[in-house]
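[1] please work out how this folds:
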Amino acid sequence: MAEITIESIKKLKELSGVGLTDAKKALVEADGDFDKALKAMREKGLTKAEKRGDRETREGIVTAYVHDNRIAAIIELNCETSFVAKTEEFNTLAHNIAVQVASMNPQWNVYEDIPEDIYNEAVKEAEASLTGKEPADKKEMIVKSKIAKKFSDRVLMAQPFVFDDSKTIADVIKEAIAKTGENINVKQFKRIELGVTE
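    Below is the predicted model of the structure:
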């Protein structure tokens, strides 16, 4: 069993939005394995941040970031209330995501935004790369994993966060949801580069 530290309990609490007692209990049940504990909490529906994901977001801000007068990114970040939209933390999150868009040039917000023809072509490629030795019940999972890897640098939510590459943008937003108690999502974004047209 891995050592359960107060730091790991606090981190699990922040990511999941539950209390310290529930976070510790989940780690004990997972023998100290942090990833296993977080996965178990999500499967049990204990992750409040994910539960909030269905709530409507009608407030928020539009913000822009310009780099060296050559690259600009504009994003719409939504939340549930104007109170949260006006906080420094929310505005910093919006700014950081705009920097992310300018730096990493994502094409889509989430995997579901990938056009069907492009996604289907990736499925065919992934299936063609299978050796035939994979267990039948694992093939679909392997194909999905290959597709996720192929598009991870082009999907905003899957990209490593430019200020902390141990997290994805989705992780950063989940942390913000857990802290604010509100659903938060990127509604839209646009990146412009001098001399480059789509």
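[2] measure residue 115 to residue 134 for me?
    Distance, residue 115 to residue 134, by Cβ to Cβ, to the nearest Å: 27 Å. Using the backbone N, CA and C atoms, a C-beta is placed for each residue, glycine as well.
[3] and residue 121, by the same measure?
    Counting by Cβ to Cβ, the gap from residue 121 to residue 134 is 21 Å.
[4] hang on, the earlier thing: and residue 115 and residue 134? Which one has more around it.
    residue 134 (13 against 10; other Cβ atoms under 10 Å).
[5] which element is the closest residue to that one other than its chain neighbours on?
    Leaving out its chain neighbours, the residue that sits closest to residue 134 by Cβ to Cβ, 6 or more residues apart in numbering is residue 142, at 5.7 Å. Using DSSP states H and E, residue 142 sits within helix 139-151.
[6] what's that helix in contact with?
    Contacting residues not belonging to helix 139-151 are listed as 108, 111, 114, 119, 122-123, 125-127, 129-130, 134, 158 [Cβ atoms under 8 Å, 6 or more residues apart in numbering].
[7] got it, and stretch 97-111?
    Stretch 97-111 is contacted from outside by 63-67, 71-75, 77, 114, 147-148, 151, 153-159, 161-163, 169, 172, 186, 188-191, using Cβ under 8 Å, 6+ apart.
[8] ok, back up a step: tell me which residues in the helix holding residue 142 are buried?
    Using 16 or more other Cβ atoms under 10 Å as the test for burial, helix 139-151 gives 143, 146-147, 151.
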